[in-house]
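> Sharing a sequence plus its predicted fold:
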Amino acid sequence: MNERSTSTAAPLARLIEEFYRLPGIGPKSAQRLAYYLLRMPAADAHS
């Protein structure tokens with residue numbers, strides 16, 4: 001793993017864990033939500 005992927009892996013894992021804590025959200029849905037946010041344009045993510 002390179003340095004950048006190591007530095008982003010922990011925050012991404014934490015985001016997935018936080019989504020997973022929501023009622024009705026399983027591990028796959030939590031991953032999908034996290035990756036969806038990563039692919040959004042930054043302007044949309046901040047609004």
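Now that the structure is in, tell me what you want to look at.
> By residue count, which helix of this structure is the longest?
In terms of residue count, the longest helix belonging to the chain (DSSP state H) is helix 3-20.
> Pull the distance from it to the chain's centre.
Centroid separation for helix 3-20 versus its chain: 6 Å, with CA atoms, centre = their mean, to the nearest Å.
> Report all helices and strands that that helix contacts.
On a contact count with 3 or more CB pairs under 8 Å, 6 or more residues apart in numbering; DSSP states H and E, helix 3-20 meets helix 27-39. Glycine gets a C-beta too; all of them are placed from N, C-alpha and C.
> hey, C-alpha coordinates of the helix it packs on in CSV?
This file holds the C-alpha atoms of helix 27-39, laid out as CSV (Å, rounded to 0.1, in the frame of the first residue of the first chain):
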residue,chain,number,x,y,z
PRO,A,27,-22.0,-3.2,6.2
LYS,A,28,-22.5,-3.2,2.4
SER,A,29,-24.9,-0.2,2.5
ALA,A,30,-22.4,1.6,4.7
GLN,A,31,-19.6,1.0,2.1
ARG,A,32,-21.8,2.1,-0.7
LEU,A,33,-22.7,5.4,1.0
ALA,A,34,-19.1,6.1,1.9
TYR,A,35,-17.9,5.5,-1.7
TYR,A,36,-20.8,7.5,-3.1
LEU,A,37,-19.7,10.5,-1.0
LEU,A,38,-16.1,10.1,-2.2
ARG,A,39,-17.3,10.2,-5.9
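> Tell me the buried residues in it?
Residues of helix 27-39 classed as buried by neighbour count (16 or more other CB atoms under 10 Å): 30, 31, 33, 34.
> so what's the nearest residue to residue 26 once chain neighbours are set aside up against?
Counting by CB to CB, 6 or more residues apart in numbering, residue 20 is the residue found nearest to residue 26 once chain neighbours are left out, at 7.2 Å. Applying CB atoms under 8 Å, 6 or more residues apart in numbering, we find residue 20 in contact with 26, 27, 30.
> Against residue 12, how distant is residue 20?
Residue 20 is 13 Å from residue 12, where distance means CB to CB, to the nearest Å.
> now do residue 27
Per CB to CB, residue 27 is found 13 Å from residue 12.
> average pLDDT for stretch 21-35?
If you average the pLDDT over stretch 21-35, you get 97.
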